[in-house]
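Undergrad: Structure for the following, please:
(one chain, ligands or ions: 1)
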Amino acid sequence: MIVTIDGPAGAGKSTVARMLAEKLNFDFLDTGAMYRCVVYQGNRQKIDWSDENALGKIARQLDLEFDGAAVLVAGEDVSSAIRSAEITALIHYAADNLQVREAMVRLQRKLASEDDVVTEGRDQGTLAFPDAQCKIFLSASAEERARRRTEQMRQAGKEVTVEEILEQQNLRDQQDEAREVGGLKAADDALHVVTDGMRLFEVVEHLERLVRIRM
Ligand code: DC
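TA: Here you go, the predicted structure:
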């Protein structure tokens, strides 16, 4: 069975999807991490960002592995490096590149071909897995998402303001929504869940109920 969870940045998709996958005993696929790894490799190889073929080649040759919660590129644990502000600011180069998108969707389908999976991203229910048995579109208001992310970053010891985070988030929302291929969009048959005012465990329990109905 394939469960897709799409939605905007900061909606808590990764945490929720990971917990849901654990409860269901499904694999978990963090597709945002995949795009981040492509950018990470491009950055390390100091590619010319205007060269679409160079980034496309990196995507096709990406030696990527998920090991529990860790993401490995060529055997190196890049889990925290790929989530830096530097990589996030460059992410649109990978997300807007059609060669990269094609390589990522191909890899996602391969990774999901063997086991039950909860996959999380922007285009999972629309493009990658249009026939998924359960599609969820997870969102929250921009303010709530920014507030949660600020809290998370402060807990990680980073000095940030809600206003800063909201500004970066608005920019990424615009980029993600405007993308012609693989843009942020709910599938026609997706179930919409808005998580404002909900606790994490409530969201996970709600999604688990939705999935079990379809099992
Ligand atoms: O979920 P995230 O913040 O780690 O995703 C990083 C970026 O990757 C996001 O801004 C857009 C892109 N992305 C995408 O285009 N398609 C996906 N399925 C997942 C992420």
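Undergrad: With residue 86 as the reference, measure out to the nearest residue to residue 130 once chain neighbours are set aside.
TA: Taking C-beta to C-beta, 6 or more residues apart in numbering, and ignoring the residues beside it in sequence, residue 130 has residue 187 as its nearest neighbour in space, at 7.2 Å. Where C-beta positions appear, they are placed from N, C-alpha and C, glycine not excepted. With the distance defined as C-beta to C-beta, to the nearest Å, residue 187 ends up 32 Å from residue 86.
Undergrad: ok, those two, which is more surrounded?
TA: Ranked by neighbour count (other C-beta atoms under 10 Å), residue 187 and residue 86 place residue 187 first, with 19 against 10.
Undergrad: which residues sit in contact with that one?
TA: 4, 6, 125, 126, 130, 135, 137 (C-beta atoms under 8 Å, 6 or more residues apart in numbering).
Undergrad: rerun that using 7 Å as the cut-off
TA: By C-beta atoms under 7 Å, 6 or more residues apart in numbering, the residues touching residue 187 are 125, 126, 135.
Undergrad: Which ones among those map onto strands?
TA: Under the assignment DSSP state E, these contribute residue 135 to strands.
Undergrad: so which of the contacts of residue 187 is the most crowded?
TA: For these, neighbours were counted using other C-beta under 10 Å, and residue 125 has the most, 28 neighbours in all.
Undergrad: how close does residue 133 get to residue 215?
TA: Distance, residue 133 to residue 215, by C-beta to C-beta: 8 Å.
Undergrad: joint contacts of those two?
TA: Shared contacts of residue 133 and residue 215 (C-beta under 7 Å, 6+ apart): residue 1.
Undergrad: More neighbours: those two, which one.
TA: Set side by side, residue 133 and residue 215 give different neighbour counts by other C-beta under 10 Å, the larger being at residue 133 (13 against 10).
Undergrad: Isn't that one up against residue 1?
TA: Yes. At 5.2 Å, residue 133 counts as touching residue 1 under the criterion of C-beta atoms under 7 Å.
Undergrad: would residue 28 count as being in a strand?
TA: Yes. Counting by DSSP: H, G, I helix; E, B strand; the rest coil, residue 28 falls inside a strand.
Undergrad: Tell me how many other residues surround it.
TA: By the criterion of other C-beta under 10 Å, residue 28 has 21 neighbours.
Undergrad: Close to the ligand: what parts of this structure are there?
TA: Counting by C-beta under 6 Å from any ligand atom, the residues of the chain lying close to the ligand are 9, 31-32, 35-36, 91, 95, 121-124, 172, 176, 182.
Undergrad: so which of those residues is the most crowded?
TA: Per-residue neighbour counts (other C-beta under 10 Å) across the residues of the chain next to the ligand peak at residue 124, which has 31 neighbours.
Undergrad: Can you check the pLDDT for that residue?
TA: Residue 124 is assigned 98 on the pLDDT scale.
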